[in-house]
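In: The sequence isn't on hand, but the structure is:
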């Protein structure tokens, strides 16, 4: 399958295939290693030049997200098709969390030592070429609870994930787009929110895990 003159990898060649193989949109989420990162990884030798200087991670880390922490229904973020042929994504334009759905059941997730794992791919549009800092929180209680993120190749699992021009991308994507694999370590049901910080923007994106 081709997209704007680019040949899509097999695992992206259709929403159903991508959703099933990468994000587990049916009843059997993928249980293996981070296949999305492994499959899309290739040296970003042809990555577009960034208009931003070396990432100021300290400045991005110092930002506090504006979260809806009150009682009530989880304010689920709208799903969009960021790239034709890929699974639906949480809309945090210019960065998209390709997650398949915005509501999951805890029982659907593969578990290791009592902790579920939800796979997410991150797509940055050609409109943004700078660094991205990610954090994930579970809402509830007096303060949001940080959640550990399974990182792409070369980074350890942590509560903060850094994506920049030095990470991997895939030449099959439309020109200027970037893609990374990641995962979230989900221990319990609840309302979850991504904090997404870029050099010149900040976004939040909500999804829900049900019992």
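Out: That came in fine, so what should we check first? Quick caveat: nothing in here was measured; it's all calculated off a predicted structure. Numbering: from 1, shown residues only.
In: And the helices in the protein?
Out: 15-18, 35-40, 57-61 (DSSP state H).
In: Residue 123 is in contact with residue 98, isn't it?
Out: Yes - judged on C-beta atoms under 8 Å, residue 123 makes contact with residue 98 at a distance of 5.7 Å. Bear in mind the C-beta positions are built from the backbone N, C-alpha and C, glycine included.
In: neighbour-wise, which of these two wins?
Out: residue 98 (25 against 19; other C-beta atoms under 10 Å).
In: In stretch 174-187, which residues are buried?
Out: Residues of stretch 174-187 classed as buried: 177-187 (neighbour count, 16 or more other C-beta atoms under 10 Å).
In: Which of those residues sits closest to residue 200?
Out: residue 178 (16.1 Å; C-beta to C-beta).
In: hang on, the earlier thing: need the overlap of contacts for residue 123 and residue 98.
Out: 82, 86, 89 (C-beta atoms under 8 Å, 6 or more residues apart in numbering).
In: Need those residues in JSON lines (columns: pLDDT, neighbour count and distance to residue 106).
Out: Compiled in JSON lines, these are given as follows (pLDDT from 0 to 100; neighbours: other C-beta atoms under 10 Å; distance: C-beta to C-beta, whole Å):
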{"residue": "82", "pLDDT": "92", "neighbour count": "25", "distance to residue 106": "26"}
{"residue": "86", "pLDDT": "87", "neighbour count": "26", "distance to residue 106": "25"}
{"residue": "89", "pLDDT": "96", "neighbour count": "26", "distance to residue 106": "21"}
